[in-house]
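**Q** structure of the sequence below:
(one chain, ligands or ions: 2)
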Amino acid sequence: MFEHDDFKVIDETKQGQPTLIAPLEGATKKLYLESYGCQMNFSDSEIVASILKDNGYSTTKVIQEADVIFVNTCAIRDNAEQRVRGRLKEYKAVKKQNPDLVVGVLGCMAERLKSKLLEEEKLVDLVVGPDAYRDLPSLLESVENGQKAVNVLLSKEETYADITPVRLGGNGITAFISIMRGCDNMCAFCVVPFTRGRERSRDPETIVKEATELFEQGYREVTLLGQNVDSYLYAGGGLKKEIMTEEEKKGAVNFAQLLEKVALVSPLLRVRFSTSHPKDMTDEVLHIMAKYDNICKYIHLPVQSGNSRMLERMNRGYSREWYQDRISAIRRIIPNCGISTDIIAGFCSETDEEHKDTLTLMEWVGYDFAYMFKYSERPKTLAERKFTDDVPEEVKSARLAEIVQLQQGLSFESNKKDVGKIFEVLVENTSKRSKDQLSGRTSQNKVVVFPKKEFKAGDYVLVKILDCTAATLLGEAINE
Ligand code: 5AD
Ligand code: SF4
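**A** Ligands and ions are numbered 1, 2, ... in the order given. From the prediction side, this is the model:
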């Protein structure tokens, strides 16, 4: 599902693929839209498509047909940026064929490099940051008038709350709903606070409305998205850090309350969320998860490192013991909860002993799944300014390999424990390997493949697990 080095909670098979909306009546121009990075970026692409659709564009999967190419970029690790640079080179040939073609760079890399991108990548006409998508139609107009256009302003208010995203390349069953933007945490390694700005939460009523509409359209699962969902707090709009008075705080809606509101849309609508933060995850949220069957029993709780000195340097706001306490709380309140994590190997000054602490913590938790990365220094971050990126590349690679190997074992162990059990699976689509097999997920977010029979996407099916690999559960429907 992913390449260790590259991306987070994303479907790696979708990286960079063009997305399509049905040809629209009255559409005069064609957009080719490619997306990289996290789910939030894919969700933003759906907002971009919606804005362009309202301005007379339809989308195409054929790059040679395009009037406009947009690439929605990621800046989290250097290799994510290099991949986009490579893509831009390939667009050059297309532009040679069609000199009127407009090329726009959107998203985190646009925000990080700003107008420098225009200097470095001559073919780029348009640079637009994640908070400036409403401005796209007028920026495109400037480009048509022969100018280069840049808008990388970050906003205090923008949550695109009133924009109904055009669902791109989905299965019609599962969808993402963005509930907040930006991040105030300033983890020392992370570029996100610089590319996505300060944290602000979206009006809960608009979130519930979006979930309700999706359900009515036949969707059966929504994932609430934010950089740190546990920090969600809505008190009428604007920045989280500006919610000051006790009165404002009392009237505010927190994440547990939001989760409950969305869970109440329908018992047949599954609710997931990502990403949680160990320093902010409350027991209140865990109790709401336990209370509603349709809130999936799965938490992605990035640990980054198992060593308290590293965690302190990373500015994560918790220690190894604190993290362990949060895991114990999950196990106590939601005994059957799936847990996954993010891990960084070789952060500045990490010793072998400290790396081993990561391995022992992984074993202690017994993660079901993990996204594992080598540390990649990012410009402007606290780590870049204060520390030296001094763990040699080959040591980083060796540590990452150990981490990946351990996780493979843990994932396999976790799957083996499920053999013989029965799970409710929400069917998403036919299996990639065989037309006669369906693929769906358990509440714990594990992929299950089973013979199709009379079932179809969107069905809830009870499946008995008969076998497994490290990545997939294999079973058989037991529904009447
Ligand atoms: N280098 C490596 N991994 C990083 N992540 C964030 N910044 C970096 C970086 N500079 C990882 C973290 C985070 C996930 C989204 O990406 O593990 O949780
Ligand atoms: Fe980056 Fe930390 Fe914010 Fe996640 S919580 S986006 S790692 S700063």
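**Q** please look at Ser45 and Ser35 and confirm they touch.
**A** Yes: counting by C-beta atoms under 8 Å, Ser45 touches Ser35, with 4.4 Å between them. For glycine as for every other residue, the C-beta is placed from the backbone atoms N, C-alpha and C.
**Q** contact partners for the residue of the chain found nearest ligand 1?
**A** With C-beta to the nearest ligand atom as the measure, Asp342 is the residue of the chain nearest to ligand 1, at 3.3 Å. Taking C-beta atoms under 8 Å, 6 or more residues apart in numbering, we find Asp342 in contact with Lys8, His300, Pro302, Val303, Gln304, Ala370, Tyr371, Met372, Phe373.
**Q** okay, those residues in JSON lines with neighbour count and distance to Gly236 next?
**A** Output for the contacts of Asp342, formatted as JSON lines (neighbours: other C-beta atoms under 10 Å; distance: C-beta to C-beta, whole Å):
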{"residue": "Lys8", "neighbour count": "20", "distance to Gly236": "31"}
{"residue": "His300", "neighbour count": "21", "distance to Gly236": "29"}
{"residue": "Pro302", "neighbour count": "22", "distance to Gly236": "30"}
{"residue": "Val303", "neighbour count": "25", "distance to Gly236": "34"}
{"residue": "Gln304", "neighbour count": "24", "distance to Gly236": "33"}
{"residue": "Ala370", "neighbour count": "24", "distance to Gly236": "38"}
{"residue": "Tyr371", "neighbour count": "21", "distance to Gly236": "35"}
{"residue": "Met372", "neighbour count": "22", "distance to Gly236": "40"}
{"residue": "Phe373", "neighbour count": "25", "distance to Gly236": "37"}
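**Q** quick check: Glu81 is in a helix.
**A** Yes: remark: Glu81 belongs to a helix, assigned using DSSP: H, G, I helix; E, B strand; the rest coil.
**Q** surely it and Met109 touch.
**A** Yes: in this structure Glu81 lies within contact range of Met109 using C-beta under 8 Å: 5.5 Å.
**Q** give me the low-pLDDT residue ranges for this protein?
**A** Counting by pLDDT under 70, the chain has low-confidence residues at 1-14, 17-26, 479-480.
**Q** around ligand 2, which positions in it sit nearby?
**A** Cys183, Asn185, Met186, Cys187, Cys190, Val192, Pro193, Gln227, Asn228, His277 (C-beta under 6 Å from any ligand atom).
**Q** how about the residues of this protein near ligand 1?
**A** For the chain, the contact set with ligand 1 under C-beta under 6 Å from any ligand atom comprises 8, 76-77, 189-190, 302, 304, 342, 344, 373, 375-376, 378.
**Q** among these, name the ones in helices.
**A** Of the residues of the chain next to ligand 1, none are assigned to helices by DSSP state H.
**Q** which residues of the stretch 51-200 of the chain fall in helices?
**A** Ranges of helices within the stretch 51-200 of the chain are 78-97, 108-113, 116-120, 136-144, 192-195, based on DSSP state H, counting those that start in this stretch.
**Q** ranges for the strands of the stretch 301-450 of the chain?
**A** 338-345, 369-374, 422-430, 437-441, 447-451 (DSSP state E, counting those that start in this stretch).
**Q** of all those strands, which lies closest to Thr351?
**A** Closest approach to Thr351 among the strands of the stretch 301-450 of the chain is made by strand 338-345 (12.5 Å; C-beta to C-beta).
**Q** now the angle from the closest one to strand 369-374?
**A** Relative orientation of strand 338-345 versus strand 369-374 (axes from the mean of the first three to the mean of the last three C-alpha atoms, to 10 degrees): 10 degrees.
**Q** quick one, what contacts Asn112?
**A** Careful, residue 112 is Arg and not Asn. Applying C-beta under 8 Å, 6+ apart, the residues near Arg112 are Ala75, Val191, Phe194, Thr195, Pro379, Lys380.
**Q** right, and the last one touches Val192 too?
**A** No: taking C-beta under 8 Å as the contact criterion, Lys380 and Val192 are not neighbours in contact, 11.2 Å apart.
**Q** more neighbours, those two?
**A** Using other C-beta atoms under 10 Å as the criterion, Lys380 and Val192 rank with Val192 on top: 22 against 12.
**Q** what about Glu393, how many residues nearby?
**A** Residues near Glu393, counting by other C-beta under 10 Å: 10.
**Q** related to what we said a few turns ago, adding distance to Gln97, write the strands of the stretch 301-450 of the chain out as CSV.
**A** Below are these laid out as CSV (distance: least, C-beta to C-beta, whole Å):
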stretch, distance to Gln97
strand 338-345, 41
strand 369-374, 37
strand 422-430, 35
strand 437-441, 39
strand 447-451, 41
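**Q** for the residue in the stretch 1-150 of the chain that ligand 2 sits nearest to, which non-adjacent residue is spatially closest?
**A** Ligand 2 sits closest to Ile76 of the stretch 1-150 of the chain, with a gap of 8.0 Å, by C-beta to the nearest ligand atom. Leaving out its chain neighbours, the residue that sits closest to Ile76 by C-beta to C-beta, 6 or more residues apart in numbering is Val191, at 6.3 Å.
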